[in-house]
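A.B. asks: No letters, just coordinates:
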């Protein structure tokens, strides 16, 4: 792994965290914010494979744990699983295909919301699933999918450019 790729990963995690916690807080629609760190984790797992997905997911989740979580490691573990699970789809990765990654991102957003509902509401005795589904889960998945269209293309273009540089430096 080249130093450019490592720097890209570090900057991507930091920039996506800042976007999610600052810029998109002001761009919330119906009190829903797209999950930029989930987009990064799923995209990197899909493009680069399980190992990269695990590392990116762990650090994305760790940032959330440090700045907002009450229990250290719960988000790190959750995002790690998302990175690993989406790394399985790396074998189906084609640069020109946009439907699979966007479908994965929307589906992962729904799964993420369901996990959040279970751990933060059901375990506390709140069972308003239909309300949560209509007002939070579906709008967040749609908003995340829309933002993912743009962010996926940007991340893919940067990754391909780094890959081309790595190939050229081998010769």
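C.D. replies: Arrived safely. All figures in this text were calculated on a predicted structure; none of them were measured in a lab.
A.B. asks: Excluding chain neighbours, what is closest to residue 114?
C.D. replies: residue 137 (6.9 Å; C-beta to C-beta, 6 or more residues apart in numbering). (Glycine included, C-beta is placed from N, CA and C.)
A.B. asks: Can you classify the one you found by secondary structure?
C.D. replies: Three-state assignment for residue 137 (DSSP: H, G, I helix; E, B strand; the rest coil): helix.
A.B. asks: Make sure it is actually in contact with residue 112.
C.D. replies: No: with contact taken as C-beta atoms under 8 Å, residue 137 and residue 112 are classed as non-touching, separated by 9.1 Å.
A.B. asks: residue contacts, the residue nearest to residue 114?
C.D. replies: If a contact means C-beta atoms under 8 Å, 6 or more residues apart in numbering, then residue 137 has 110, 113, 114, 117 as its contacts.
A.B. asks: Just give me the closest of these to residue 149.
C.D. replies: Lowest distance from residue 149 to those (C-beta to C-beta) belongs to residue 110, with 16.8 Å.
A.B. asks: and the gap between that closest one and residue 54?
C.D. replies: Distance of residue 110 to residue 54, computed by C-beta to C-beta, to the nearest Å: 21 Å.
A.B. asks: Comparing these two, which shows the higher neighbour count?
C.D. replies: Taking other C-beta atoms under 10 Å, residue 110 and residue 54 do not tie; residue 54 has more neighbours (21 against 17).
A.B. asks: re earlier: show me which of the contacts of residue 137 are buried.
C.D. replies: With neighbours counted by 16 or more other C-beta atoms under 10 Å, the contacts of residue 137 contain buried members at 110, 113, 117.
A.B. asks: just to confirm, which helix or strand has the first one in it?
C.D. replies: Meaning residue 110. Assigned by DSSP states H and E, residue 110 falls within helix 99-120.
A.B. asks: Pull out the buried residues from that helix.
C.D. replies: In helix 99-120, counting by 16+ other C-beta under 10 Å, buried: 101-102, 104-106, 108-113, 116-117.
A.B. asks: Stretch 135-155 too?
C.D. replies: Applying a neighbour-count criterion of 16+ other C-beta under 10 Å, the buried positions in stretch 135-155 are 136-141, 143-145, 147-148, 151-152, 155.
A.B. asks: Same question for stretch 160-171.
C.D. replies: Across stretch 160-171, burial judged by 16+ other C-beta under 10 Å covers residue 162.
A.B. asks: just to revisit the earlier point, among the buried residues of stretch 135-155, which lie within helices?
C.D. replies: Secondary-structure check on the buried residues of stretch 135-155 using DSSP state H: residues within helices are 138, 139, 140, 141, 143, 144, 145, 147, 148, 151, 152, 155.
A.B. asks: Please report how far the residue lying closest to the third one once chain neighbours are set aside lies from residue 52.
C.D. replies: When you say that, I think you mean residue 140. For residue 140, ignoring the flanking residues on the chain, the nearest one in space by C-beta to C-beta, 6+ apart is residue 32 at 4.8 Å. Counting by C-beta to C-beta, the separation of residue 32 from residue 52 is 28 Å.
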